[in-house]
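>>> Any chance you can model this:
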Amino acid sequence: MIALPLLLAIASSAAQPPAQDAVVDEFIRSLPPSRKKRSGIDPDEEVKLSDLISRHPGQSDAISVAFAAQAHCAARAGDTAVDKALRQSAKALGDEKLRKLMQFYSSADAKRFAVLSEKKGASGTLSPSERAEFDRISSAYPLADFVAASKAAQSNMFSDGELWTALSACEEERDRALAKAGIRQSPR
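The predicted structure follows:
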């Protein structure tokens, strides 16, 4: 099921057909490397982990392995969901806008825009010349369209249920591993 925001983003691009898969793939390759979330144990899960280890000190290795496997599984599920959302947002933009965004990411404008965006985010202000440069770059490329399509796809990422199903499967696998090792999760 596609969420309403994604449908609206796609509809706003109705004058153009969805991007071809080959162009979407090329666009994704043109993006700067992302900073992937480390596959460490979630802070909420750390509490459960510590509690289980304190109640089962002789089985700390089995408990740690089960939680590490869950964290790795959850990171893979997240990566899959993000990739799907990125592909949906790119496809909604159409070939022309994606090609323009590829030009952006291969230009000096991308680096400058990142610097200006970071400064704007940190201090909230840009000098008049920086603001003019920021506006020039923003209007030269379909950055606002990409942000809008990405937000819509991100909303869909959480509403379509696939991510939650995958994360639940990761937790269930952890629970099976703990049960197989004879580790009771609920306090006596």
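>>> So which residue is dead centre in this structure?
Val82 (3.9 Å; CA atoms, centre = their mean).
>>> give me every residue that touches that residue.
Met157 (CB atoms under 8 Å, 6 or more residues apart in numbering). Using the backbone N, CA and C atoms, a C-beta is placed for each residue, glycine as well.
>>> try it again with 6 Å
Not one residue lies near Val82 by CB atoms under 6 Å, 6 or more residues apart in numbering.
>>> now Tyr141
With contact set as CB under 6 Å, 6+ apart, Tyr141 has these partners: 100, 104.
>>> rerun at 7 Å
100-101, 104 (CB atoms under 7 Å, 6 or more residues apart in numbering).
>>> Give me the distance between stretch 16-26 and the centre of its chain.
In terms of CA atoms, centre = their mean, to the nearest Å, the centre of stretch 16-26 is found 20 Å from the chain centre.
>>> and stretch 150-162, how far out from the chain's middle?
That offset, for stretch 150-162, works out to 10 Å (CA atoms, centre = their mean).
>>> which among the contacts of Tyr141 gets closest to Val23?
Among the contacts of Tyr141, Leu101 lies closest to Val23 (CB to CB), at 10.4 Å.
>>> Not counting its neighbours along the chain, what's nearest Gln20?
Asp95 (6.0 Å; CB to CB, 6 or more residues apart in numbering).
>>> Ile53 now?
Closest to Ile53 by CB to CB, 6+ apart is Ser60, at 4.7 Å.
>>> With Glu171 instead?
Gln70 (6.3 Å).
>>> how much space is there between that neighbour and Ser168?
11 Å (CB to CB, to the nearest Å).
>>> And those two? Which one has more around it.
Gln70 (26 against 12; other CB atoms under 10 Å).
>>> Isn't the more buried one up against Asp175?
No - taking contacts as CB atoms under 7 Å, Gln70 lies outside contact range of Asp175: 8.9 Å.
>>> mind listing the helices for the protein?
Ranges of helices within the chain are 4-12, 21-30, 43-55, 60-105, 108-123, 128-140, 143-159, 162-180, based on DSSP state H.
>>> and of the ones you listed, who's closest to Ser186?
helix 43-55 (10.1 Å).
>>> Would you mind writing the CA trace of the closest one as CSV?
Extracted in CSV, the C-alpha atoms of helix 43-55 (Å, rounded to 0.1, in the frame of the first residue of the first chain):
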residue,chain,number,x,y,z
PRO,A,43,19.7,1.5,23.6
ASP,A,44,16.3,0.0,24.5
GLU,A,45,17.6,-3.4,23.7
GLU,A,46,20.8,-2.7,25.7
VAL,A,47,18.6,-2.5,28.8
LYS,A,48,17.1,-5.9,28.0
LEU,A,49,20.5,-7.3,27.3
SER,A,50,22.0,-6.1,30.6
ASP,A,51,19.0,-7.4,32.5
LEU,A,52,19.3,-10.9,30.9
ILE,A,53,23.0,-11.1,31.5
SER,A,54,22.5,-10.1,35.1
ARG,A,55,19.9,-12.9,35.5
